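Student: My questions concern the predicted model and sequence given below.
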Amino acid sequence: MEIQKVGVIGAGQMGNGIAHVMALAGYDVVLNDVSQQALDSALSLIHKNMERQAGKGKIAEADMKAALARIQPSLKLADVGATDLVIEAATERETVKQAIFEDLQPHLKPHTILTSNTSSISITRLASRTDRPERFMGFHFMNPVPVMQLVELIRGIATDEPTFSACQEVVARLGKTSASAEDFPAFIVNRILMPMINEAVYTLYEGVGSVKSIDESMKLGANHPMGPLELADFIGLDTCLAIMNVLHDGLADTKYRPCPLLTKYVEAGWLGRKTQRGFYDYRGETPVPTR
Ligand SMILES: CC(=O)CC(=O)SCCNC(=O)CCNC(=O)[C@H](O)C(C)(C)COP(=O)(O)OP(=O)(O)OC[C@H]1O[C@@H](n2cnc3c(N)ncnc32)[C@H](O)[C@@H]1OP(=O)(O)O
Ligand SMILES: NC(=O)C1=CN([C@@H]2O[C@H](COP(=O)(O)OP(=O)(O)OC[C@H]3O[C@@H](n4cnc5c(N)ncnc54)[C@H](OP(=O)(O)O)[C@@H]3O)[C@@H](O)[C@H]2O)C=CC1
């Protein structure tokens with residue numbers, strides 16, 4: 001079965017990036033969100049990011065226009081049902097994702113493949129609540145989607161081979177590289193990355209270093225492109241905390257205990273770049289550390 005039309009649910013930072021790369025690769029895209037404002041911002045961001053790529057000669061102006069025309073924004077989940085592949089990229093909360101798949105079910109075509117861009121949640125458990133666990137898997141992009149090369153592909157216990165191969169082919173058509181990960185909490189990238197970010201927050205919490213010294217140390221001392229706290233702000237502190245909670249609950253090991261300071265930032269609504277404040281304050285011209 002050839003995948004031609006892709007549904008993306010959630011038009012946040014990941015959803016807009018996924019719609020961007022899918023449309024440029026020639027797929028028709030239905031981009032869904034519960035908020036019109038999120039859809040409007042996503043479309044304008046996709047436009048801006050594609051214009052930057054066109055300005056640098058990475059894509060042709062005509063390809064950009066064709067790709068933008070392929071993206072259909074929609075507030076109706078039913079529109080997503082009429083696609084061949086669904087990529088759910090809504091908030092990292094299991095109840096939100098389960099409700100989406102339940103609501104989507106009556107609108108689906110029989111052959112539609114369901115996937116989740118979840119950073120950490122059990123694919124097997126999400127799949128078990130649908131009518132098609134064999135055609136369900138994890139399709140995990142990295143942020144920023146247009147730039148990052150990797151997509152983790154995660155089989156649930158029931159995922160069949162044609163589904164896995166179809167998703168592998170989509171990743172290849174995007175010009176990206178897939179890595180297969182088993183369905184355990186947070187898979188590969190976040191199993192390794194998120195405890196490091198959490199440890200950076202403990203390093204701050206215990207006063208070992210300031211925001212600035214922690215980030216500079218890891219950039220200049222370990223050659224990371226972003227410091228861990230800058231990266232946490234970039235990912236979203238709510239998402240980081242949600243991933244740590246999945247690791248902590250799922251692996252029942254205290255080494256995954258989320259740092260109380262991370263919890264406090266999330267409680268304050270300081271979620272990082274997306275709310276203009278996290279470990280840095282982004283409201284001025286240059287980011288200012290908040291500790
Ligand atoms: C949480 C999860 O579930 C999984 C995850 O995603 S974990 C997070 C994984 N991501 C990372 O670790 C990112 C780490 N950071 C980086 O790699 C780099 O800092 C970065 C690529 C984001 C920016 O790179 P940089 O060299 O500092 O900045 P900059 O020169 O502005 O950008 C490099 C390129 O990326 C593009 N870019 C940067 N941010 C972008 C965005 N949000 N969207 C689209 N393109 C973007 C720039 O336009 C630029 O393109 P060209 O190469 O064509 O010029
Ligand atoms: N941030 C990252 O670096 C990465 C995140 N991911 C994963 O991608 C997913 C999305 O994350 P991210 O884009 O960062 O999150 P964002 O908070 O940026 O975006 C989530 C979007 O989903 C919307 N949403 C919430 N509920 C629904 C619903 N029922 N139907 C449709 N849309 C809904 C939100 O709307 P509203 O704001 O109105 O609630 C928001 O627009 C998560 O599972 C996350 O773990 C994966 C890789 C990297």
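Tutor: Looks like it arrived, so ask away. Given the structure is predicted, the values throughout are model-derived calculations rather than measurements. Ligands and ions are numbered 1, 2, ... in the order given.
Student: what about Leu68, neighbour count?
Tutor: Counted with other CB atoms under 10 Å, the burial measure for Leu68 works out to 16 neighbours. Every C-beta, even on glycine, is put in place using the N, C-alpha and C of the backbone.
Student: Am I right that it sits in a strand?
Tutor: No - inclusion of Leu68 in a strand is not indicated when DSSP: H, G, I helix; E, B strand; the rest coil is applied; the result is helix.
Student: Quick check: the gap between it and Leu241.
Tutor: In this structure, Leu68 and Leu241 are 34 Å apart, going by CB to CB, to the nearest Å.
Student: same check, this time on Asp28
Tutor: Summarising the geometry, the distance separating Asp28 from Leu241, computed by CB to CB, is 35 Å.
Student: now Asp233
Tutor: As it turns out, when the distance is counted by CB to CB, Asp233 lies 13 Å from Leu241.
Student: more neighbours, these two?
Tutor: Neighbour totals were compared for Asp233 and Leu241, and Asp233 leads with 30 against 23 (other CB under 10 Å).
Student: Quickly find the element holding the more buried one.
Tutor: For Asp233, the host element (DSSP states H and E) is helix 228-235.
Student: That helix vs ligand 2: in contact?
Tutor: Yes - taking CB under 6 Å from any ligand atom as the criterion, helix 228-235 and ligand 2 are in contact, through Ile235.
Student: Show me what the helix or strand following that helix packs onto, helices and strands only.
Tutor: Per DSSP H and E, the first helix or strand lying C-terminal to helix 228-235 is helix 237-251. Under the contact definition 3 or more CB pairs under 8 Å, 6 or more residues apart in numbering; DSSP states H and E, helix 237-251 sits against helix 189-205, helix 260-267.
Student: Give the rounded mean pLDDT of the first one.
Tutor: The average pLDDT for helix 189-205 rounds to 98.
Student: angle of it against helix 260-267?
Tutor: When axes from the mean of the first three to the mean of the last three CA atoms, to 10 degrees is applied, the directions of helix 189-205 and helix 260-267 differ by 100 degrees.
Student: quick one on the thing from earlier: okay, the helices and strands packed on helix 237-251 in CSV with mean neighbour count next?
Tutor: As requested, the helices and strands packed on helix 237-251 are arranged in CSV below (neighbours: other CB atoms under 10 Å):
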stretch, mean neighbour count
helix 189-205, 19
helix 260-267, 16
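Student: quick one, which of those is nearest to ligand 1?
Tutor: Ranking those by proximity to ligand 1 (CB to the nearest ligand atom) places helix 189-205 first, at 5.1 Å.
Student: Show me what the closest one packs onto, helices and strands only.
Tutor: The criterion is 3+ CB pairs under 8 Å, 6+ apart, and the helices and strands that helix 189-205 contacts are helix 211-222, helix 228-235, helix 237-251, helix 260-267.
Student: how about the helices in this structure?
Tutor: For the chain, the helices defined by DSSP state H cover 13-24, 36-55, 61-69, 77-81, 94-104, 123-128, 161-173, 189-205, 211-222, 228-235, 237-251, 260-267.
Student: Generate CSV for these, with distance to ligand 1 as supplementary columns.
Tutor: Compiled in CSV, the helices of the chain are given as follows (distance: least, CB to the nearest ligand atom, whole Å):
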stretch, distance to ligand 1
helix 13-24, 6
helix 36-55, 4
helix 61-69, 13
helix 77-81, 22
helix 94-104, 14
helix 123-128, 14
helix 161-173, 15
helix 189-205, 5
helix 211-222, 10
helix 228-235, 4
helix 237-251, 6
helix 260-267, 14
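Student: about what we covered before: Throw the helices and strands packed on helix 189-205 into TSV and include distance to Asn143 and mean pLDDT, thanks.
Tutor: Formatted as TSV, the helices and strands packed on helix 189-205 follow (distance: least, CB to CB, whole Å; pLDDT from 0 to 100):
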stretch	distance to Asn143	mean pLDDT
helix 211-222	17	98
helix 228-235	6	98
helix 237-251	9	98
helix 260-267	18	98
